[in-house]
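Colleague: Provide a 3D model corresponding to the input given below.
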Amino acid sequence: MSNDDAAGLEDDDGFVPAFSDAPVGAVLATIAATLSAIGTAAIGALMLLIVADVIGRNFLDAPVTGVSEIAARAVVAIVFLQVPAAILQKRLTRADFLLRRIERVSPRVLCLLETFFCIAGAVVFALILWPSWPKLVESWASAEFFGVQGVWTIPTWPFRLITVVGSAVAVLSALYRASEEIRMMRRPA
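Modeller: The predicted structure is shown next:
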């Protein structure tokens with residue numbers, strides 16, 4: 001990594017701004033960091049569950065019931081828990097080498113690209129949020145579950161709630177990042 005690349009990375013340090021500097025950003029970043037921490041804990045719990053299932057299945061002839069169903073839904077939940085922090089930190093999958101080159105040529109063009117990217121992200125997560133809310137309400141009202149009735153079941157609403165909350169915070173995070181990029185674009189050079 002060159003010194004120019006390292007210098008570009010330093011701009012993203014500490015994505016939680018001081019409350020006095022940016023109250024909305026501070027609250028949003030704190031919420032995103034909390035969701036991300038929950039997602040990280042969920043990764044650890046999922047790993048332990050899978051290890052317990054493997055040990056139980058191979059050594060004790062007693063597999064843990066429902067691991068595949070939990071894992072399938074937990075992976076999606078973990079993504080929605082961690083996406084808002086990734087948006088605020090500019091850590092979504094991207095071609096950083098290209099963005100750094102664009103930044104060297106024209107920082108304003110980079111801000112414009114970042115703004116477009118953030119607005120597109122906000123639209124995508126809003127489109128996910130739109131149908132997810134009624135499904136959350138329906139799963140809560142109908143006591144929807146997954147699994148095999150009489151053997152093992154778990155309610156679906158907590159997973160749907162994570163999708164709704166994660167999408168909503170992702171929309172707000174993307175809009176906040178877009179507003180920050182516009183603010184940076186308006187700064188005198």
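Colleague: So which residue is dead centre in this structure?
Modeller: residue 83 (1.3 Å; CA atoms, centre = their mean).
Colleague: Help me confirm that that residue comes into contact with residue 165.
Modeller: No. Assessed by CB atoms under 8 Å, residue 83 is found out of contact with residue 165, at 11.0 Å. No exception for glycine: its C-beta is placed from N, CA and C like everyone else's.
Colleague: Could you pull up phi and psi at residue 145?
Modeller: Backbone torsions of residue 145, given as degrees, to the nearest 10, read phi -140, psi 170.
Colleague: scratch that, residue 92
Modeller: Residue torsions, per degrees, to the nearest 10, at residue 92 are phi -70, psi 160.
Colleague: If we ignore the residues flanking it in sequence, what's nearest it?
Modeller: The shortest distance from residue 92 to any non-neighbouring residue, by CB to CB, 6 or more residues apart in numbering, is to residue 86 (5.1 Å).
Colleague: any idea how far the one you found is from residue 148?
Modeller: Distance, residue 86 to residue 148, by CB to CB, to the nearest Å: 35 Å.
Colleague: looking at this, residue 147 is in a helix?
Modeller: No. With DSSP: H, G, I helix; E, B strand; the rest coil as the criterion, residue 147 is assigned strand and is not in a helix.
Colleague: related to what we said a few turns ago, just the mean pLDDT for the helix or strand containing the residue nearest to residue 92, thanks.
Modeller: Using DSSP states H and E, residue 86 maps to helix 67-88. Computed over helix 67-88, the mean pLDDT rounds to 93.
Colleague: which other helices and strands contact that helix?
Modeller: With contacts defined as 3 or more CB pairs under 8 Å, 6 or more residues apart in numbering; DSSP states H and E, the packing partners of helix 67-88 are helix 23-59, helix 107-142, strand 145-148, strand 152-155, helix 157-186.
Colleague: Just give me how far that helix sits from the chain centre.
Modeller: Distance of helix 67-88 from its chain centroid, counting by CA atoms, centre = their mean, to the nearest Å, is 8 Å.
Colleague: cool, stretch 57-75 as well?
Modeller: 25 Å.
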